[in-house]
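Q: here is my input; please provide its structure:
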Amino acid sequence: MGLEEDALDYHQREPPGKLEIATTKPTNTQRDLSLAYSPGVAGPCREIDADPADAFEYTAKGNLVAVVSDGSATLGLGDIGPLASKPVMEGKGVLFKRFADIDVFDLEVDADDPERMIDVVEALEPTFGGVNLEDIGAPACFTIEKRLQESLSIPVFHDDQHGTAIITGAALLNAIDILGKDLSELEVVFSGAGASAIATARFFESLGVPGSAITMVDSGGIVTDERVDAGDVNEYKAEFATEGPAGDLADAMAGADVFVGLSVSGIVDGAMVASMAADPIVFPMANPDPEIDYDDAKAAGEGTTIVATGRSDYPNQVNNVLGFPFIFRGALDARARTINEEMKVAAAEALAALAREDVPDAVVKAYGDEPIQFGPEYVIPKPLDPRVLFEVAPAVARAAIESGVSRREPDLDTYVESLEARLGKAREMMRIILNKAKSDPQRVVLAEGADDTMIRAAYQLLDRGIADPILVGDRTEIRSSADRLGLSFDPTIVDPGGDAVDCYADRLYELRKRKGVTRDEARELLTDGNYLASAMVETGDADAMLTGATDHYPSALRPLLEVVGTAPDAEFAAGVYMLTFRNRVIFVADATVNPDPDAAVLAEVTKHTADVARQFNVEPRAALLSYSDFGSVEDDQTAIPREATRRLRDDPSVTFPVDGEMQADTAVLEDALTDTYEFADLDEPANVLIFPNLEAGNVAYKLLQQLGGADAVGPMLAGMDRPVHVVQRGDDVEDIVNLAGVAVVDAQSEP
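A: Take a look at the predicted model:
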């Protein structure tokens, strides 16, 4: 099937369309319904009647945006009318929800003139926290937006104008940084004089480009004062009329520093780009095909040519999804009355700054696994980069506060945490750990220090103040890799081939001499980064350790057990995963270490897992799982978790509720516990699940992750004498940073 056939199938699949309404409060009982509607709903109605601002407290208004269109300039399709534009507006709602957790009603308005559209939107103001105008043709879009901004007390934003302007502005800021040019000295040419072009030209002025340095070209040629006097251009184009002579696009581009195309495809050739100033900036953004092909523009420019288009199959895609979800998120959270120029500039500057940061592995994988690094082919963040929310929304909220248009001032120090919670419980839980880690960073040794992923993780650990990383590996190789990756930092490096590691040979010999290891063999073992890092932790020269990125889990675990060993009060280690769902967190064990545990091992694993839960500020409630419920099946297998439960109950150090053996559904369903098994020691569903063996634990956590939609953090190695963890092969930088944060918090509690 072709793309169009696939899209038709996608849209008509049951249920048709792309959006639905879901409830956010319980509606299971008669009492729930009486609270949701009559008679309980009268209470919040009276409060809002007394104080309209309370609508933000008692309704969804503060997180609800109207996507409004008349279909007169629909995405690449022109004037197809409001009904035919509905799939596009639904799609806009999908992007709002997917990227910024903003709810949307799409409103396709049958309005033949600006006044009718203005009247409709004004009448709907009580419903919404903001209005996104979409695909409304020029010049009507200018009138509609301006009038609504004046009459409404909620943000009104025409994305076709300002979204393109903001993203292009971010690209411009980074392009001139790379090329060593200055905003105040640029000569800029626009091809096209519609809504996007005029808004972008205005925004370039806000960034610092002189208006006199902007030349606008429409289908009639260069917009000049002479054409204005002749009545050949409208008032909006007239803002950028030049005093110079008439001419065409080729004339305008000669000697220019920047070309911005928001017109039609194929109207620029290589000779026109070649006529520009050295190191030109070329932004041909006509859709679906640009004014000049990306490769042709790159080849034609003199010196370094930076090119950005609207296409996803070329570098530097100017995509409005980098703007509107996050701009509205910040505006809504600050309860801004409008989206002003200060907020737009803040968004562009935040995007530009983000593009200079190391790119997460998840983003790299999403774009073909090719390296992504700040430079001529990466001047704008990728649309799927989750960090955009955490950078742009706070910048917009801060600008709203500082410019005096906010009606609420979110605590910007904790605002990012609330944003992370919108993207999933895992981020919220990890923020607890990372904040603890930042309060007292510890020395974390990364055994596979020459691996690119570990080097990038070390950079982030140091840059974010989470830990003081130590990289084990060849010093020259690590420094060369850091330079290649564009990471400017000076990590501590321990080279296994250097004389500095000789001091660990004696200690390793003492630990392993009765295991058949000679002194020479001990020195040889230290050429293995896992043994060297383990020895550093064991002797106190490092506070914690991570390994496993390039090795099988059992092979990476063995040196840790041999050198560091389990804690004095522990005989067994355990591999623990934290699984997060939308409104629930559970910890599961053992999923990586003990293949066939007996009752003593299960009891100890339970205590280790409870300790991990408490690190995340979760009070543990443990269930030991089986295919039996409290003796419903009697055999050797069910006896093991039953005996482990008895041991835990008899252990005075166990201060958390624990019960078993029980089936998994019994453990996690409140009705099963409180109704069917009212005698159970758990009065709430368990949040610590102990599986009867490694096979069950490993299978279960992966099914919950893949089919249940859980986010997994781990494996966290619990029960060791010092904080040491084994990541999984293929883990990305974020996984490693998170596990390092756990290790730091472990180390903080060490005596």
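Q: once you drop chain neighbours, what's closest to the residue nearest to the spatial centre of the chain?
A: Nearest to the geometric centre of the chain sits Pro386, at 1.9 Å (Cα atoms, centre = their mean). Of all residues not flanking Pro386 in the chain, Leu423 sits nearest, at 6.4 Å (Cβ to Cβ, 6 or more residues apart in numbering). Where you see a C-beta, it was placed from the backbone N, CA and C, and this is true even at glycine.
Q: for Thr215, see how far away that neighbour is.
A: As judged by Cβ to Cβ, to the nearest Å, Leu423 and Thr215 stand 43 Å apart.
Q: quick one on the thing from earlier: phi, psi for the residue nearest to Pro386 please.
A: Backbone torsions for Leu423, taken as degrees, to the nearest 10, come to phi -90, psi 0.
Q: what sits against Asp440?
A: Remark: with contacts taken as Cβ atoms under 8 Å, 6 or more residues apart in numbering, Asp440 is in contact with 744, 748.
Q: okay, it: pLDDT?
A: The model reports Asp440 with a pLDDT of 91.
Q: all strands of the stretch 1-150 of the chain, in order?
A: 64-69, 103-108, 130-133 (DSSP state E, counting those that start in this stretch).
Q: in a markdown table, list these along with mean neighbour count.
A: As requested, the strands of the stretch 1-150 of the chain are arranged in a markdown table below (neighbours: other Cβ atoms under 10 Å):
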| stretch | mean neighbour count |
| --- | --- |
| strand 64-69 | 25 |
| strand 103-108 | 20 |
| strand 130-133 | 26 |
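Q: which residues are in contact with Ile432?
A: Residues near Ile432 by Cβ under 8 Å, 6+ apart: 616-617.
Q: which stretch of helix or strand covers it?
A: helix 425-439 (DSSP states H and E).
Q: flag every buried residue along that helix.
A: Neighbour counts over helix 425-439 (16 or more other Cβ atoms under 10 Å) mark 425-434, 436-437 as buried.
Q: what does stretch 7-18 give?
A: Residues Lys18 are the ones in stretch 7-18 that count as buried (16+ other Cβ under 10 Å).
Q: can you give me the end-to-end distance of that stretch?
A: Length of stretch 7-18, first residue to last, Cα to Cα, to the nearest Å: 12 Å.
Q: these two touch, right, the residue nearest to Pro386 and Arg98?
A: No - look at Leu423 against Arg98 with Cβ atoms under 8 Å: they stay out of range, at 10.0 Å.
Q: more crowded one of those two?
A: Using other Cβ atoms under 10 Å, the more surrounded residue of Leu423 and Arg98 is Leu423, with 17 against 13.
Q: got a pLDDT number for that one?
A: For Leu423, pLDDT reads 73.
Q: just to revisit the earlier point, next secondary structure element downstream of the helix holding Ile432?
A: Using DSSP H and E, the helix or strand that directly follows helix 425-439 along the chain is strand 442-446.
Q: could you point out the helix or strand that follows that following strand?
A: helix 452-463.
Q: and that next one, what does it pack against?
A: Using 3 or more Cβ pairs under 8 Å, 6 or more residues apart in numbering; DSSP states H and E, the elements in contact with helix 452-463 are strand 442-446, strand 467-472, helix 475-484, helix 733-748.
Q: name every strand pairing with the shortest one and say which way it goes.
A: In this case it means strand 442-446. Applying DSSP bridges, strand 442-446 is found paired with strand 467-472 (parallel), strand 544-547 (parallel).
Q: of all those, which one comes closest to Arg722?
A: strand 544-547 (7.0 Å; Cβ to Cβ).
Q: export whichever helix or strand comes after the closest one as PDB, just CAs?
A: Sequence-wise, the next helix or strand downstream of strand 544-547 (DSSP H and E) is helix 553-563. C-alpha atoms of helix 553-563 as PDB (Å, rounded to 0.1, in the frame of the first residue of the first chain):
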ATOM      1  CA  TYR A 553      25.400  -9.700  32.600                       C
ATOM      2  CA  PRO A 554      26.800 -12.900  34.200                       C
ATOM      3  CA  SER A 555      30.300 -12.000  33.000                       C
ATOM      4  CA  ALA A 556      30.100  -8.500  34.200                       C
ATOM      5  CA  LEU A 557      28.600  -9.600  37.600                       C
ATOM      6  CA  ARG A 558      31.300 -12.100  38.400                       C
ATOM      7  CA  PRO A 559      34.200  -9.700  39.300                       C
ATOM      8  CA  LEU A 560      31.800  -7.700  41.500                       C
ATOM      9  CA  LEU A 561      30.900 -10.700  43.500                       C
ATOM     10  CA  GLU A 562      34.500 -11.900  43.700                       C
ATOM     11  CA  VAL A 563      36.000  -8.500  44.700                       C
END
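Q: where in the stretch 101-250 of the chain is pLDDT low?
A: Nowhere does the stretch 101-250 of the chain drop to pLDDT under 70.
Q: now the helices: where do they sit in it?
A: 114-123, 140-151, 159-179, 195-207, 225-229, 235-238, 249-253 (DSSP state H, counting those that start in this stretch).
Q: got the ones you listed as CSV, with distance to Pro410 and mean neighbour count columns?
A: Listed next are these as CSV, based on distance: least, Cβ to Cβ, whole Å; neighbours: other Cβ atoms under 10 Å:
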stretch, distance to Pro410, mean neighbour count
helix 114-123, 27, 16
helix 140-151, 23, 18
helix 159-179, 21, 24
helix 195-207, 25, 23
helix 225-229, 45, 15
helix 235-238, 35, 17
helix 249-253, 45, 21
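Q: mind putting the ones you listed in TSV, distance to Ala42 included?
A: Output for these, formatted as TSV (distance: least, Cβ to Cβ, whole Å):
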stretch	distance to Ala42
helix 114-123	25
helix 140-151	31
helix 159-179	38
helix 195-207	45
helix 225-229	60
helix 235-238	49
helix 249-253	64
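Q: of the ones you listed, which approaches Asp361 most closely?
A: Of all the helices of the stretch 101-250 of the chain, helix 159-179 sits nearest to Asp361, with 21.9 Å by Cβ to Cβ.
Q: that closest one packs against which elements?
A: Packed next to helix 159-179, using 3+ Cβ pairs under 8 Å, 6+ apart, are strand 130-133, helix 140-151, helix 195-207, strand 281-284, strand 306-307, helix 324-333, helix 341-355.
Q: now do that helix against helix 341-355, angle only.
A: Angle, helix 159-179 to helix 341-355, by axes from the mean of the first three to the mean of the last three Cα atoms, to 10 degrees: 50 degrees.
Q: and the pLDDT for the residue nearest to Ala556 when sequence neighbours are not counted?
A: Nearest in space to Ala556, with sequence neighbours left out and distances taken as Cβ to Cβ, 6+ apart, is Gly548 at 4.1 Å. Model confidence at Gly548, given as pLDDT, is 88.
Q: would you mind measuring from Gly548 to Ile478?
A: Gly548 is 18 Å from Ile478, by Cβ to Cβ.
Q: and what of Gly71?
A: For Gly71 relative to Ile478 (Cβ to Cβ), the value is 57 Å.
Q: so where's this structure uncertain?
A: Ranges of the chain meeting pLDDT under 70: 1, 369, 499-500, 750-751.
Q: cool, thanks, talk later.
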